[in-house]
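Engineer: Just to be clear, the model below is a prediction. Sequence and coordinates:
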Amino acid sequence: MFQIGDVVVYTTYGICKVENIIDMNFNGNLTKYYVLVPLSEAKTELTIPVENPITIARLHGLLSENEITEIIDQIPYLEPFWIMNDNERKKAFSDIIKRGNRKDTLQMLKSVKKHQLSLKDKVRKLHACDEQVMHDAEKLIVDEFSYVLGKEKVEIYNLVNDKIIKSLQ
C-alpha cells in the first residue's frame with residue numbers, strides 16, 4: 001500500500017503524488033481511496049479505490065535510476081512486433097499501456113516507430129489510434145524517466161528516440 005506523499009505512476013495519468021488516503025461510504029460500505037494529484041495537472045484530483053484490482057493494477061511505484069538505465073540499454077534488443085488487424089492492435093497496445101510495464105511499453109513504442117518509418121517511405125502516415133498510443137507511451141516513459149533521473153523531458157525524449165531509431169537502422 002502506498003503512503004501519503006509517495007510519488008507513483010498511474011498509467012492513465014502519468015506521475016502522481018498520493019495527496020491523501022480517505023475513507024468513503026457508499027451504500028453502507030466504508031472503502032479506502034487514494035487521492036492522487038497528477039504532477040502535470042496540479043488542479044486535477046483523482047480518487048481511486050485502494051482495493052480495486054483493476055485500478056490498482058495501473059498504479060506503480062517509480063522505477064529506480066538503475067532500473068531505468070537498464071531498460072534504456074535494452075532498447076536495441078527489444079524486438080519490434082506488429083499486429084495487422086487495426087482493432088486487435090489498438091486493444092493490444094492499449095493493454096500494454098494500462099499494464100504499465102515500461103519495457104513492454106518501450107517495445108511497443110519501438111514497434112510503432114518502425115511502422116511509422118516504413119510508412120514514411122511510402123509517403124503515408126500512421127493511423128490516428130497508432131499516433132495516439134505512440135504519444136501516450138512517450139509521455140509515460142519520458143515523464144517518469146525525466147522525473148527519476150532529474151533530467152529535462154526533451155533530453156529523455158531525444159535519448160529514447162535516438163536509441164530506438166538507431167536500433168531500427
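Structural biologist: Cool, got the structure.
Engineer: switch to C-alpha atoms for all contacts and neighbour counts from now on
Structural biologist: Noted.
Engineer: Let me know the secondary structure of the closest residue to R89 other than its chain neighbours.
Structural biologist: Leaving aside its sequence neighbours, R89 sits nearest to I83 (CA to CA, 6 or more residues apart in numbering; 5.1 Å). Following DSSP: H, G, I helix; E, B strand; the rest coil, we place I83 in the coil state.
Engineer: do the same with V37
Structural biologist: strand.
Engineer: how close does it get to K153?
Structural biologist: Going from V37 to K153 by CA to CA, to the nearest Å gives 19 Å.
Engineer: Give the residue from those two that has the larger number of neighbours.
Structural biologist: Between V37 and K153, counted using other CA atoms under 10 Å, V37 has the larger neighbour count: 23 against 17.
Engineer: OK, contacts around that one?
Structural biologist: Contacts were defined as CA atoms under 8 Å, 6 or more residues apart in numbering; by that measure V37 touches C16, K17, V18, E19, K43, T44, E45, L46.
Engineer: can you rerun that using 7 Å?
Structural biologist: Each residue near V37 by CA atoms under 7 Å, 6 or more residues apart in numbering is listed here: C16, K17, V18, E19, T44, E45, L46.
Engineer: Tell me the one of those residues nearest K163?
Structural biologist: The closest of those to K163 turns out to be C16 (CA to CA; 27.1 Å).
Engineer: my guess is I22 is in a strand, correct?
Structural biologist: Yes - counting by three-state DSSP, I22 is located in a strand.
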